[in-house]
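1. return atomic coordinates for the entry below.
(chains A and B)
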Amino acid sequence: DTGVSQNPRHKITKRGQNVTFRCDPISEHNRLYWYRQTLGQGPEFLTYFQNEAQLEKSRLLSDRFSAERPKGSFSTLEIQRTEQGDSAMYLCASSRRDTEAFFGQGTRLTVV
Amino acid sequence: DQQVKQNSPSLSVQEGRISILNCDYTNSMFDYFLWYKKYPAEGPTFLISISSIKDKNEDGRFTVFLNKSAKHLSLHIVPSQPGDSAVYFCAASRGTGNTPLVFGKGTRLSVIA
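-> Down below sits the predicted model:
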């Protein structure tokens, strides 16, 4: 399968714990995006990378959130001191410079 | 402030008929528009796109129309099939479609056999 891969698919965590999600993009795609989707809403942009450089961050990305893309390949999104409001589907997408974005299946986070 | 609006949360259509999903945008800097389809427990899947230099793009049963002066686009599905039942998201971006996408809230399409 050469699509965008996200792990884990589901994560349940207690409030205050840290969580980390991983995204493996399509191999020849140099752009990687993170979005968050809550119930009844469309995906909302969080941040994106071109190769290893983080080019843009949304104001939705509080200082508890950090994303990395070492070596321009896979990416991780970490949420520190999780809050119940962080419960959402976290979506990763990748693209080449001239193509549409392809999404992974997402990681569903539940903070209890 | 919603820059991309899908005002119909749901739409129900008979199999074989036309489905028309609508989308409005407010940011005149947007010049590339996309439709994604989403099934439950899956990520969005790209369906069709249109650049602002065009007013129509067609791909099989799917056609997207763009009215720049009205800041409005629509997705037509003809004929509708039960497998088309999903949530459809309209998205917009500045540039070639690779700047971050701004999504609408989605329209749930149900195609009834």
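2. show me the strands in chain A, by range?
-> According to DSSP state E, chain A carries its strands in the segments A:5-7, A:10-13, A:19-24, A:31-37, A:44-50, A:53-57, A:65-68, A:75-79, A:88-95, A:102-103, A:107-111.
3. strand partners (parallel or antiparallel) of the second one?
-> This points to strand A:10-13. Strands adjacent to strand A:10-13 in the sheet, as given by DSSP bridges, are strand A:107-111 (parallel).
4. tilt between the partner strand and strand A:31-37?
-> For strand A:107-111 and strand A:31-37, the angle between their directions (axes from the mean of the first three to the mean of the last three CA atoms, to 10 degrees) works out to 40 degrees.
5. tell me the residues of chain A that contact chain B?
-> A:4, A:6, A:31, A:33, A:35, A:40-45, A:48, A:56, A:58, A:91, A:93, A:95-106 (CB under 8 Å from any CB of the partner chain). For glycine as for every other residue, the C-beta is placed from the backbone atoms N, C-alpha and C.
6. give me the beta-bridge partners of the most centrally placed residue in chain A?
-> Among the residues of chain A, A:W34 comes closest to the average C-alpha position under CA atoms, centre = their mean, at 3.6 Å. Residues found in beta-bridge contact with A:W34 (criterion: DSSP bridges) are A:T47, A:C92.
7. right, and it touches A:E78 too?
-> No - taking CB atoms under 8 Å as the definition, A:W34 is not a contact partner of A:E78, at 11.1 Å.
8. residues shared between the contacts of these two?
-> Overlap of the contact sets of A:W34 and A:E78 (by CB atoms under 8 Å, 6 or more residues apart in numbering or on different chains) consists of A:A67.
9. now render the strands of chain A as CSV, adding mean pLDDT.
-> Listed next are those as CSV, based on pLDDT from 0 to 100:
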stretch, mean pLDDT
strand A:5-7, 97
strand A:10-13, 98
strand A:19-24, 98
strand A:31-37, 96
strand A:44-50, 95
strand A:53-57, 92
strand A:65-68, 96
strand A:75-79, 98
strand A:88-95, 96
strand A:102-103, 94
strand A:107-111, 97
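10. distance to B:I20 added to the ones you listed, as CSV?
-> Rendered in CSV, the data for the strands of chain A read as follows (distance: least, CB to CB, whole Å):
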stretch, distance to B:I20
strand A:5-7, 33
strand A:10-13, 35
strand A:19-24, 34
strand A:31-37, 24
strand A:44-50, 26
strand A:53-57, 34
strand A:65-68, 38
strand A:75-79, 37
strand A:88-95, 27
strand A:102-103, 24
strand A:107-111, 31
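11. wait, which of the ones you listed is closest to B:I53?
-> Judged by CB to CB, the one of the strands of chain A that comes nearest to B:I53 is strand A:88-95, at 20.2 Å.
12. mind saving the C-alpha coords of that closest one as CSV?
-> Only the C-alpha atoms of strand A:88-95 are listed here, as CSV (Å, rounded to 0.1, in the frame of the first residue of the first chain):
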residue,chain,number,x,y,z
ALA,A,88,-10.6,14.9,17.6
MET,A,89,-9.6,13.1,14.4
TYR,A,90,-6.0,14.1,13.5
LEU,A,91,-5.5,13.8,9.7
CYS,A,92,-2.2,13.8,7.8
ALA,A,93,-2.0,14.5,4.1
SER,A,94,0.9,14.7,1.6
SER,A,95,1.4,16.1,-1.9
